[in-house]
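>>> attaching a predicted model along with its sequence, questions to come.
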Amino acid sequence: MKIIGVIPARMGSSRFPGKPLEKIQGIPMVEHVYKRSAMSTLLDELYVATPDNEIKKKVEEFGGQAIMTSPLHERCNDRVAEAVKDRKADIVVTIQGDEPMVTPELIDLTIKPLIEDSSIVCSHAIVKIDNMETFNDRNEAKVVCDQKGFILFISREPIPTMVRLGENIPMFKLVNIIPYRKDFLVTYTHLEQTPLEKAESIDPLRVLEHGYRIKAVEMPYEIFSVDTPQDLKHVEGLMKNDPLLKEYI
């Protein structure tokens, strides 16, 4: 079984333009994501998919592999699909370029359901939310699951409601590690964009709205993505003593 990891990254983020090349502990964010992902024991190949020459140049400078893609993609998984269309693979893992705290263990954990169960076409990492600030943050995609661990719905709004259900109901958010079977990823790109996908600006909603299932994989610890300059400062502080740093800095 061949597994390829792809890191979509672009300079034109609406909330934080140029963030892939913003530095954390002295090196660009995309380099953190790439070098930490490269430590996965399950990935056979790893690429950055980008429409920007600046990112491609930086990736190649630090020894990574980059694939140029169309600047017209509105969704990251469409960019990933273009990057791997001519490459042989059984599983393709989207690892968002704004997850500088990603660890190889989390990547491997999210891939395993697809290795163990051939009926699963897609999985998605999730982590428990332990504070109301994150729960109410519209930059965080919240998620609710069914009794078998498949995702029911995803929203930037605080779900499930705490008013009627009580605070004993667990709250979860997405972590942007998303393995797909390659043939399903191809199918995904041919599906029409959906109303909720557009309204929420959340890629996996296209999967759910077309009737497919996504297996949720709970992470054993929290990591933080970078959506804003404030997030960058927060992550900079958290990564100061990160044990993985010494492996690649």
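Okay, I see it. In this text, all values refer to a predicted model and were calculated from it rather than measured experimentally.
>>> for stretch 204-221, output the C-alpha coordinates as CSV.
Output of stretch 204-221 as CSV, limited to C-alpha atoms (Å, rounded to 0.1, in the frame of the first residue of the first chain):
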residue,chain,number,x,y,z
PRO,A,204,-15.2,18.0,4.3
LEU,A,205,-18.8,19.2,4.2
ARG,A,206,-18.8,18.5,0.5
VAL,A,207,-18.2,14.8,1.4
LEU,A,208,-21.0,14.8,4.0
GLU,A,209,-23.5,16.7,1.8
HIS,A,210,-23.1,14.2,-1.0
GLY,A,211,-23.9,11.3,1.4
TYR,A,212,-20.4,9.9,2.1
ARG,A,213,-19.1,9.1,5.6
ILE,A,214,-16.0,10.5,7.3
LYS,A,215,-14.4,8.5,10.2
ALA,A,216,-13.4,10.8,13.1
VAL,A,217,-10.1,10.0,14.8
GLU,A,218,-9.7,11.5,18.2
MET,A,219,-6.2,12.9,18.9
PRO,A,220,-4.6,12.2,22.3
TYR,A,221,-3.4,15.7,22.7
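>>> same question for it, mean pLDDT?
Averaged over stretch 204-221, pLDDT sits at 97.
>>> got the buried residues for it?
Neighbour counts using 16 or more other C-beta atoms under 10 Å place P204, L205, R206, V207, L208, E209, R213, I214, K215, A216, V217, M219 of stretch 204-221 among the buried residues. For glycine as for every other residue, the C-beta is placed from the backbone atoms N, C-alpha and C.
>>> which residues are contacting it?
75, 106, 109-110, 112-113, 117, 120-128, 143, 145, 149-154, 172, 174-175, 178, 184, 188, 191, 193-197 (C-beta atoms under 8 Å, 6 or more residues apart in numbering).
>>> quick one: the helices in this protein?
29-37, 53-61, 76-84, 104-116, 132-135, 162-165, 182-190, 195-200, 204-209, 229-238 (DSSP state H).
>>> distance of the residue nearest to L205 when sequence neighbours are not counted from P204?
Leaving out its chain neighbours, the residue that sits closest to L205 by C-beta to C-beta, 6 or more residues apart in numbering is E197, at 4.2 Å. E197 is 8 Å from P204, where distance means C-beta to C-beta, to the nearest Å.
>>> with I151 instead?
Taking C-beta to C-beta, one finds I151 at 7 Å from P204.
>>> which residues do those two both contact?
H124, I214.
>>> S201: neighbouring residues, count only.
The local packing count at S201 equals 13, with neighbours defined by other C-beta atoms under 10 Å.
>>> helices and strands of this structure: which one has the lowest mean pLDDT?
helix 162-165 (a mean of 58; mean pLDDT, DSSP states H and E).
>>> check contacts around V175.
E99, L106, H124, A125, I126, V127, M219, I223, S225.
>>> hmm, 6 Å instead?
Counting by C-beta atoms under 6 Å, 6 or more residues apart in numbering, V175 touches A125, V127, M219.
>>> from these, pick the one nearest P229.
When the contacts of V175 are compared for distance to P229 (C-beta to C-beta), V127 wins out at 22.7 Å.
>>> got the phi and psi for the residue nearest to the closest one when sequence neighbours are not counted?
Nearest residue to V127, sequence neighbours excluded (C-beta to C-beta, 6+ apart): M219, at 4.4 Å. The phi/psi pair for M219 (degrees, to the nearest 10) reads phi -80, psi 150.
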